[in-house]
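**Q** only geometry, no sequence info:
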């Protein structure tokens, strides 16, 4: 049943992306898009590529804070910033191939979990996503007050906020029932299925406890988390600003930040594969209000996608290195 639902979800996303791309193909003159891309400044392209790496670094630093919050001093040395950086890029690389926007997060949990254990890895990755999502929603709701074209999308934005609150409530409920799970563990030890169920329950309870323990951190820690979350969103706007400047268009920074943030929220909706089609349509729709021609808006969207994809290739190299390291470890243990 789970496999059928997963396949249906993937089919829906592929159909959504296909329909949106078809609509864009019909509406846009691609010869103009290619012409605009050719006229872009190479210097600004390099600056945008560097900005992508700096934006990723802000997210890695936040992930490091979350991991360190859950680890003792002895293990903390193993979860170094360089390792987390490699794992982050590996996750970014797998986002290009796995359906949805959480495929790369699962990969990050896998690699970090081998060092810290699955509960700590899951809690840190999930909370890193949640805080970024919260920053997205806050900025997007604020943007809807000033950008008229954004107001029709206020309902789905609030829906995302509702999902975040629901997730927090579910975590609280699971933690409150942890004692019951311990009792069940004594009763259910006869079958492999029950053992797997208990193992999953135990992992979920431990993950929830770790996530809720973040509340014990002081205000300075939370301030860093907040600032890094906002910096990540501002970084996305900065990248797009550089891409627009590469073709000689200077847009108001605040409106650019609001629109890019809103587009990020909308592409989180499960109606396409990696936001393909949705992102391009949003660029054309929202930047039209700032007087940007459709061909230019679409060009910037495609350039952003291409540059991020190129950046993620480093994760492929890190993945190959991790696989080789794992193979060498297995070989040494056997011989």
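**A** That came through, no problem. Keep in mind the model is a prediction, meaning the values are calculated, not measured. Numbering: from 1, shown residues only.

**Q** buried set for stretch 117-135?
**A** 117, 119-135 (16 or more other C-beta atoms under 10 Å). Where C-beta positions appear, they are placed from N, C-alpha and C, glycine not excepted.

**Q** please enumerate the helices of the protein.
**A** Taking DSSP state H as the test, the helices found in the chain are 2-27, 30-38, 42-70, 73-76, 81-94, 103-116, 118-144, 154-176, 178-187, 192-212, 219-246, 253-266, 278-288, 294-334.

**Q** the fifth one packs against which elements?
**A** Just to be clear, that refers to helix 81-94. For helix 81-94, the elements it packs on are helix 42-70, helix 103-116, helix 294-334, judged by 3 or more C-beta pairs under 8 Å, 6 or more residues apart in numbering; DSSP states H and E.

**Q** give the residue spans of the stretch 51-200 of the chain that score low on pLDDT.
**A** Within the stretch 51-200 of the chain, the set of residues satisfying pLDDT under 70 comprises 72-78, 98-103, 147, 149-154, 156-157, 160-161, 163-165, 167-200.

**Q** again with the stretch 201-335 of the chain
**A** For the stretch 201-335 of the chain, the stretches with pLDDT under 70 are 201-209, 211, 268-277, 327-335.

**Q** rerun that using 90 as the cut-off
**A** Across the stretch 201-335 of the chain, residues meeting the criterion (pLDDT under 90) sit at 201-219, 226, 230, 233, 247-249, 252-299, 301-303, 305-306, 309, 321-335.

**Q** I'd assumed residue 243 was in contact with residue 300.
**A** Yes - contact criterion C-beta atoms under 8 Å: residue 300 and residue 243 qualify, at 4.9 Å.

**Q** how deep is residue 267 tucked in, by neighbour count?
**A** 17 (other C-beta atoms under 10 Å).

**Q** that one and residue 45, how far apart?
**A** 22 Å (C-beta to C-beta, to the nearest Å).

**Q** swap in residue 95?
**A** From residue 95 to residue 45 the distance is 22 Å (C-beta to C-beta).

**Q** can you check residue 303 too?
**A** 8 Å.

**Q** okay, those two: which has more neighbours?
**A** More crowded of residue 303 and residue 45, by other C-beta under 10 Å: residue 303, with 22 against 17.
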